[in-house]
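Engineer: let's see this in three dimensions:
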Amino acid sequence: MLDRLRCLGSCVYMGGVPSVPEPFCWAWGQMIQFNSEFLTQPGELIHYTRSTFSLHSSARNFLLNEMRGDWIWFTDTDHTFSPDVVFMMVKLQQQYRLPVLTAVYRHRALPHHPMLWVWNEQEQGFISLIEFDETVPCFQVDAAGAGCLLIHREAIERVQAICEPPEEPFDHISKLGEDFSWFTRCRKAGVPVYATSIPETYHLMSRAVDESMYVPGWWESEQVETKAVKG
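Structural biologist: Below you'll find the predicted structure:
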């Protein structure tokens, strides 16, 4: 029976029980139900899976190899999102032919800057994109958080083409995390990256808010997003 079904794409996440927060479980379940009602047609399906690798780069590369269909949507277990998040992102990707699309979400801590970056030639690194036009359906960026990320198969193939075996698309480059390593390879491969603020997605707080988060200068001294990230 499954052989006669057409797989549209994969929805994947990293993490496993008992570490998965309840808000994520609820959002994931609601998203699956919405997808079955609005994203698929008779004879179609969406592939769902997860990875429990502790190393994020290994987890994302493993999930790439598990990909089915034309696209893969990544999320992390410290996120929550509207049920239509994948539906809206796939719709935008198909309408505008976007190889890589991220949904805008904000940093967990103050001042909650969007997890978006642009390339700065002078600094030769990624710097934070603080403001953007929320009235447009999508806009170009150079890097983003990988917690709500849609990638088309064509983009993966183009990035894989510049990787020297045994290197894989999300493997770390120097001191960069797996997310910035992926976006650095996208730049090298000429794969454009876009962001959208249409679907709702949120970064869950991983620690309690305390008074230290309101001390002037806390952000600049403790966070790196406002500085150039070399890549």
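Engineer: which secondary structure state does the nearest residue to residue 38 once chain neighbours are set aside sit in?
Structural biologist: In this structure, residue 38 finds its nearest non-sequential neighbour in residue 87, 5.5 Å apart by C-beta to C-beta, 6 or more residues apart in numbering. From N, CA and C alone the C-beta is placed, and that goes for glycine too. Each residue gets one of three states, and residue 87 gets helix by DSSP: H, G, I helix; E, B strand; the rest coil.
Engineer: which secondary element of this structure has the worst mean pLDDT?
Structural biologist: Taking mean pLDDT, DSSP states H and E as the measure, the chain has helix 218-222 as its least confident helix or strand, at a mean of 35.
Engineer: chain center to the strand or helix carrying residue 47: distance?
Structural biologist: Following DSSP states H and E, one finds residue 47 within strand 44-51. Remark: strand 44-51 is offset 16 Å from the chain centroid, using C-alpha atoms, centre = their mean, to the nearest Å.
Engineer: so which bits of that strand are buried?
Structural biologist: 45-46, 50-51 (16 or more other C-beta atoms under 10 Å).
Engineer: adjacent strands (with direction) for it?
Structural biologist: Pairing partners of strand 44-51, with direction, according to DSSP bridges: strand 6-14 (parallel).
Engineer: low-confidence ranges, the protein, go.
Structural biologist: Applying pLDDT under 70 to the chain flags residues 1-3, 17-18, 205-231.
Engineer: where exactly do the helices run in it?
Structural biologist: In the chain, the helices defined using DSSP state H lie at 22-34, 56-65, 85-96, 153-162, 178-189, 218-222.
Engineer: re the thing from before, any chance of the buried residues of strand 44-51 in JSON lines, with distance to residue 159 too?
Structural biologist: Compiled in JSON lines, those are given as follows (distance: C-beta to C-beta, whole Å):
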{"residue": "45", "distance to residue 159": "26"}
{"residue": "46", "distance to residue 159": "23"}
{"residue": "50", "distance to residue 159": "22"}
{"residue": "51", "distance to residue 159": "19"}
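Engineer: out of those, which is nearest to residue 194?
Structural biologist: For the buried residues of strand 44-51, the closest approach to residue 194 (C-beta to C-beta) belongs to residue 46, at 21.6 Å.
Engineer: the closest one contacts residue 10, correct?
Structural biologist: Yes: taking contacts as C-beta atoms under 8 Å, residue 46 lies within contact range of residue 10: 7.2 Å.
Engineer: give me the common contacts of the two.
Structural biologist: Common neighbours of residue 46 and residue 10, using C-beta atoms under 8 Å, 6 or more residues apart in numbering, are residue 69.
Engineer: I figured residue 31 hits residue 90, correct?
Structural biologist: No: at 11.9 Å, residue 31 does not count as touching residue 90 under the criterion of C-beta under 8 Å.
Engineer: the more surrounded of these two?
Structural biologist: Between residue 31 and residue 90, counted using other C-beta atoms under 10 Å, residue 31 has the larger neighbour count: 24 against 21.
Engineer: residue 65 versus the more buried one, what's the distance?
Structural biologist: 23 Å (C-beta to C-beta, to the nearest Å).
Engineer: with residue 140 instead?
Structural biologist: 28 Å.
Engineer: how about residue 7?
Structural biologist: Residue 7 is 15 Å from residue 65, by C-beta to C-beta.
Engineer: between these two, who's got more neighbours?
Structural biologist: Neighbour tally, residue 7 and residue 65, criterion other C-beta under 10 Å: the higher count belongs to residue 7, 15 against 8.
Engineer: what sits against the more buried one?
Structural biologist: 44-47, 68-69 are the contacts of residue 7 under C-beta under 8 Å, 6+ apart.
Engineer: no further queries at this time; thank you.
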